[in-house]
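Undergrad: Got a predicted structure here, sequence first:
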Amino acid sequence: MTSAYRGRIAPTPTGALHLGHARTFHVGWQRAREADGALVLRIEDLDQVRCRPEYVEQSLDDLRWMGIAWTEGPVYQSQRSEVYRDAWHRLHATGLLYPSDVSRKEVRDAAHAPHDDEEGAELVFPPCLRPPLGAGRDVVSPDGVAWRFRVPDGETVTFHDARQGPQAFTAGTDFGDFVVWRKDGVPAYELAVVADDIEMRITEVVRGADLLKSTARQLLIYRALQASPPAWCHESLVRDADGRRLAKRHQALALRTLRERGESWADVQAGMQGDADRSISP
């Protein structure tokens, strides 16, 4: 009997994979393997400015070095525009989307939030910047303007995470109206991953704990699309020696760099044991 479990790993080819990516992708592979399920490899390459073919090849090579095998893919987001446009049309029909040309500076000024550059901080889109109800209802295409999702202010979105436990985020307080379609004609992360995960029949999403709040936003999209959401498993973050979460600028902790030093994947794993946030020195 074939398992109904369907997981996915989704590298973004804007730089080299680092230890945080490695840990998350390995856990995703393990959970699919333990469930005797499918694992989809999705390349999230919507950012055509920063995404590069050489990073795709490096990512695939690094995943193979880790011993990760996928059963489907790679599937490229850059080749799935019709999937995202269909999702936009379905969301637009609910009346929950509206066009918005409000700049980040305008949001910051209206929200009175001068410290939005702090790690993990988020500007909450204030209701005073919303257009009247019904704005954009007669538009037939998302192109040429950014589109936001109108959140239900005051509603608390809850879910259980396999790694982090019970979670709760309040719309209008923890997050505000968010962009689902960019002015340059590209779907935003929240819409793209939901559309993909629905179409790919993903049953569990494994990713980093920095995306917990994104899950609350995405659950609102699932509800608007009348689709069942997957289960969630957000892995604790790997941090550098200064306590900052890893980013692709941390070349010293890139898998490529560690491989060039002669380290094996077993050596790397030994340095990342445990479930708590880890601090790693280069």
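TA: Alright, I've got the coordinates. Numbering: from 1, shown residues only.
Undergrad: List of residues touching the longest helix anywhere in the chain?
TA: For the chain, the helix with the greatest residue count under DSSP state H is helix 19-34. With C-beta atoms under 8 Å, 6 or more residues apart in numbering as the test, helix 19-34 has contacts from 5-9, 11, 17, 38-39, 62-63, 66, 68-70, 204, 206-208, 233, 235, 237-238, 245-246, 253, 255, 258, 268-269, 272, 280. (C-beta placed from N, C-alpha, C; glycine too.)
Undergrad: quick one: it to chain centroid distance?
TA: Offset of helix 19-34 from its chain centre (C-alpha atoms, centre = their mean, to the nearest Å): 15 Å.
Undergrad: Tell me which helix or strand comes right after it.
TA: For helix 19-34, the following helix or strand on the C-terminal side (DSSP states H and E) is strand 38-43.
Undergrad: ok, that following strand: who's next to it in the sheet?
TA: Under the criterion DSSP bridges, strand 38-43 sits next to strand 6-9 (parallel), strand 72-76 (parallel) in its sheet.
Undergrad: Give the buried residues for that strand.
TA: Ala38, Leu39, Val40, Leu41, Arg42, Ile43 (16 or more other C-beta atoms under 10 Å).
Undergrad: related to what we said a few turns ago, output the strands paired with strand 38-43 as CSV; include the columns distance to Phe175 and mean pLDDT.
TA: Shown next, in CSV, are the strands paired with strand 38-43 (distance: least, C-beta to C-beta, whole Å; pLDDT from 0 to 100):
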stretch, distance to Phe175, mean pLDDT
strand 6-9, 24, 98
strand 72-76, 28, 98
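Undergrad: Now do the strands in the stretch 101-250 of the chain.
TA: Along the stretch 101-250 of the chain, the segments classed as strands by DSSP state E, counting those that start in this stretch run 147-149, 156-161, 165-170, 178-181, 204-208, 231-235, 238-240.
Undergrad: Now tabulate the ones you listed in CSV and tack on mean pLDDT and distance to Trp29.
TA: Formatted as CSV, the strands of the stretch 101-250 of the chain follow (pLDDT from 0 to 100; distance: least, C-beta to C-beta, whole Å):
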stretch, mean pLDDT, distance to Trp29
strand 147-149, 98, 32
strand 156-161, 98, 19
strand 165-170, 98, 23
strand 178-181, 98, 29
strand 204-208, 97, 9
strand 231-235, 97, 12
strand 238-240, 66, 17
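Undergrad: pLDDT averaged over stretch 186-194 - what is it?
TA: The pLDDT scores in stretch 186-194 average 97.
Undergrad: quick one: contacts of that stretch?
TA: Applying C-beta under 8 Å, 6+ apart, the contact partners of stretch 186-194 are 10, 44, 46-48, 77, 84, 87-88, 91, 149, 178-182, 195, 214, 217-218, 221-222, 225, 227.
Undergrad: May I have that stretch as PDB, with CA atoms only?
TA: The C-alpha coordinates for stretch 186-194 follow below in PDB (Å, rounded to 0.1, in the frame of the first residue of the first chain):
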ATOM      1  CA  VAL A 186       5.200  38.000 -10.200                       C
ATOM      2  CA  PRO A 187       3.200  36.200  -7.500                       C
ATOM      3  CA  ALA A 188       4.400  36.800  -4.000                       C
ATOM      4  CA  TYR A 189       5.700  34.000  -1.800                       C
ATOM      5  CA  GLU A 190       2.500  33.500   0.200                       C
ATOM      6  CA  LEU A 191       0.300  32.900  -2.900                       C
ATOM      7  CA  ALA A 192       2.900  30.900  -4.900                       C
ATOM      8  CA  VAL A 193       3.600  28.300  -2.200                       C
ATOM      9  CA  VAL A 194       0.000  27.800  -1.300                       C
END
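Undergrad: mind listing what's buried in that stretch?
TA: Residues of stretch 186-194 classed as buried: Val186, Pro187, Ala188, Tyr189, Glu190, Leu191, Ala192, Val193, Val194 (neighbour count, 16+ other C-beta under 10 Å).
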